[in-house]
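1. kindly return the folded structure for what I paste below:
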Amino acid sequence: MIFAEKNDETEIFKPLARQTNAVKATTACFAGQPKLFGIEYQNLPDRPDPAALMQYELADNEDLLIRHAHWREQAMTEIEIKQALLAAAKEMITCGLVEGTAGNVSARLPDGNVVLTPSSMDYQAMTLDDLVVTDLDGKVLYGDKTPTTEKSLHLACLRKHRDIGAVMHCHALFATMFAIVRQPIPCVIEEFDVYVGGDIEVADYRLTGSEELAEEVSNRVADKGAVLMANHGLLCVGKHPADVLKVAKLVERTAKIIWGARLLGTPVPLPDATLQQFAPLYKLIGRIQ
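-> Numbering: from 1, shown residues only. Sure, this is the predicted structure:
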């Protein structure tokens, strides 16, 4: 791969136009931080292995956005989406976002249908054959297993927001602590604003698995990458299963940081000017264009 740094630090935000053999990406140069989103690129691979893609996305690289912009533009096949979803589901339990068979993941397929994890099944034993495909109304089209009992939650998000490609619901420890006391997770870290879109709200309590919960939660992710579910857990959305896993891990990490910071004192919010500077980025890099 060849990367050429952009030297103009005066531009706060500039979408990179599509060029021949190039890919649309979002670039930005912030004063004093020319490398954060200021990388142009070429000679990127046409299609990475989905499992390898997920592992790379989990890495904390500042050029992650640009490296993956090309792959975001490539239409994934149904099998690739299923492979990515399965990898994300297994990582979800490996990294502690859930325990046992709790939590669930879904993704939009190229034909408009949805693939979901099955209900009450060990993630480590789960295979591609265990995944369930439904239409957007929840009718099972393929699969021998029962889809997650939270399918309404996933389908509501995917029906309402065409720029969402994947949904993850988990019971991340620190994020769930905030959900239980019904306190939002404040955006006090720059990357949180970029990848999540600002403060994480707490959706009103509704019964688990109900259509009322699906309606309440799906309304909260129109322009945010995550929402807390009162007395329940966390829901995250993204373009791809690996994206949504990255968001969930970032939200949980930030919740832990806020929890610890409050033991030391009062967290200081980001300046309004900084929030305004980062504000356009989430919808451009966190949603399907």
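
2. low pLDDT regions in the stretch 51-200 of the chain?
-> 51-74 (pLDDT under 70).

3. how about the strands in it?
-> For the stretch 51-200 of the chain, strands defined by DSSP state E, counting those that start in this stretch occupy the ranges 104-108, 114-116, 132-134, 140-142, 166-170.

4. now render the ones you listed as JSON lines, adding distance to residue 226 and mean neighbour count.
-> (Glycine included, C-beta is placed from N, CA and C.) Formatted as JSON lines, the strands of the stretch 51-200 of the chain follow (distance: least, C-beta to C-beta, whole Å; neighbours: other C-beta atoms under 10 Å):
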{"stretch": "strand 104-108", "distance to residue 226": "14", "mean neighbour count": "27"}
{"stretch": "strand 114-116", "distance to residue 226": "19", "mean neighbour count": "26"}
{"stretch": "strand 132-134", "distance to residue 226": "23", "mean neighbour count": "20"}
{"stretch": "strand 140-142", "distance to residue 226": "28", "mean neighbour count": "13"}
{"stretch": "strand 166-170", "distance to residue 226": "9", "mean neighbour count": "29"}
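
5. any chance of these in JSON lines with distance to residue 156 as columns?
-> Below are these laid out as JSON lines (distance: least, C-beta to C-beta, whole Å):
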{"stretch": "strand 104-108", "distance to residue 156": "11"}
{"stretch": "strand 114-116", "distance to residue 156": "11"}
{"stretch": "strand 132-134", "distance to residue 156": "13"}
{"stretch": "strand 140-142", "distance to residue 156": "17"}
{"stretch": "strand 166-170", "distance to residue 156": "9"}
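
6. give me the number of residues near the closest residue to residue 86 other than its chain neighbours?
-> Nearest non-adjacent residue to residue 86, counting by C-beta to C-beta, 6 or more residues apart in numbering: residue 128, 6.0 Å away. If you count neighbours by other C-beta atoms under 10 Å, residue 128 ends up with 11.

7. could you do residue 130 as well?
-> Around residue 130 there are 17 residues (other C-beta under 10 Å).

8. then residue 122?
-> As a burial measure, residue 122 scores 10 neighbours (other C-beta under 10 Å).

9. how near is it to residue 146?
-> Per C-beta to C-beta, to the nearest Å, residue 122 is found 15 Å from residue 146.

10. try residue 199
-> For residue 199 relative to residue 146 (C-beta to C-beta), the value is 36 Å.

11. name the element the closest residue to residue 95 other than its chain neighbours belongs to?
-> The shortest distance from residue 95 to any non-neighbouring residue, by C-beta to C-beta, 6+ apart, is to residue 249 (6.5 Å). Per DSSP states H and E: residue 249 is located in helix 241-264.

12. and that helix, average pLDDT?
-> Across helix 241-264, pLDDT averages out at 98.

13. what packs against that helix?
-> helix 50-58, helix 78-94, strand 104-108, strand 166-170, helix 173-181, helix 190-196, strand 226-229, strand 233-238 (3 or more C-beta pairs under 8 Å, 6 or more residues apart in numbering; DSSP states H and E).
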